[in-house]
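Chemist: Provided below for reference: sequence and predicted model.
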Amino acid sequence: MSVKWINKAESEGTATMFPNYLLANREFVDKFEGKYSALVGLDDDTDQIVLKPLSKDEDLDPKYQDSLKLKINIQRSYIRFGNTKSMSLIASLLHVDVPKTGLKGKSFWNEKEDALFIILGGNK
């Protein structure tokens, strides 16, 4: 007899980009707990925002010296990343206008990249 084990469904969360910060629900809090910052990237093909958690040692690593990194603030019901200057830069690179009410999207954890991927509403 051969048993095929079933993996649980991939978790999906929500995220909202505001002019001042980026909010993600607590779905992936375990990935960011105890981390110092989040390295920011953009997927060229899909315009997804990518947030890779960094420890304090990784944050100080010279290879990330010129990279955009966001502070992580874990609250009871959400995780908050960044500041106004960072959100303005990300919005300009994505070519989107972020209203005060925010741009809502979905988020998922990519095990291969060990990072949180965020797909905003109007993006691919």
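Modeler: Great, that's in hand. Predicted, not measured: the structure shown is a model, and the values here were computed from it.
Chemist: beyond the helix ranked longest in the chain, next helix or strand please.
Modeler: Assignment by DSSP state H gives helix 84-94 as the longest helix of the chain. Per DSSP states H and E, the first helix or strand lying C-terminal to helix 84-94 is strand 103-110.
Chemist: hmm, back to that, okay, buried residues for the longest helix of the chain please.
Modeler: Using 16 or more other Cβ atoms under 10 Å as the burial criterion, the residues of helix 84-94 that qualify are 86, 87, 90, 91, 94. The way it works is simple: take the backbone N, C-alpha and C, and place the C-beta from them, glycine included.
Chemist: the third one: what's it in contact with?
Modeler: What that stands for is residue 90. 17, 22, 40, 42, 49, 68, 82 (Cβ atoms under 8 Å, 6 or more residues apart in numbering).
Chemist: which one of those is nearest residue 105?
Modeler: residue 17 (7.3 Å; Cβ to Cβ).
Chemist: you'd agree the closest one is up against residue 100?
Modeler: No - using Cβ atoms under 8 Å, residue 17 is not in contact with residue 100; the gap is 11.5 Å.
Chemist: of the two, which one has the most company?
Modeler: residue 17 (26 against 7; other Cβ atoms under 10 Å).
Chemist: the residue lying closest to the more buried one once chain neighbours are set aside: what's it in contact with?
Modeler: Sequence neighbours aside, residue 103 is the residue nearest to residue 17 in space, at 4.7 Å (criterion: Cβ to Cβ, 6 or more residues apart in numbering). By Cβ under 8 Å, 6+ apart, the contact set of residue 103 is 16, 17, 96, 120, 121, 122.
Chemist: who wins for neighbours among those residues?
Modeler: residue 17 (26 neighbours).
Chemist: ramachandran coordinates for it?
Modeler: Torsion angles at residue 17 (phi, psi; degrees, to the nearest 10) stand at phi -100, psi 120.
Chemist: related to what we said a few turns ago, which of the buried residues of helix 84-94 sit farthest apart?
Modeler: Across the buried residues of helix 84-94 (Cβ to Cβ), the longest gap, 12.5 Å, separates 86 and 94.
Chemist: so residue 80 sits in a strand?
Modeler: Yes - according to DSSP: H, G, I helix; E, B strand; the rest coil, residue 80 belongs to a strand.
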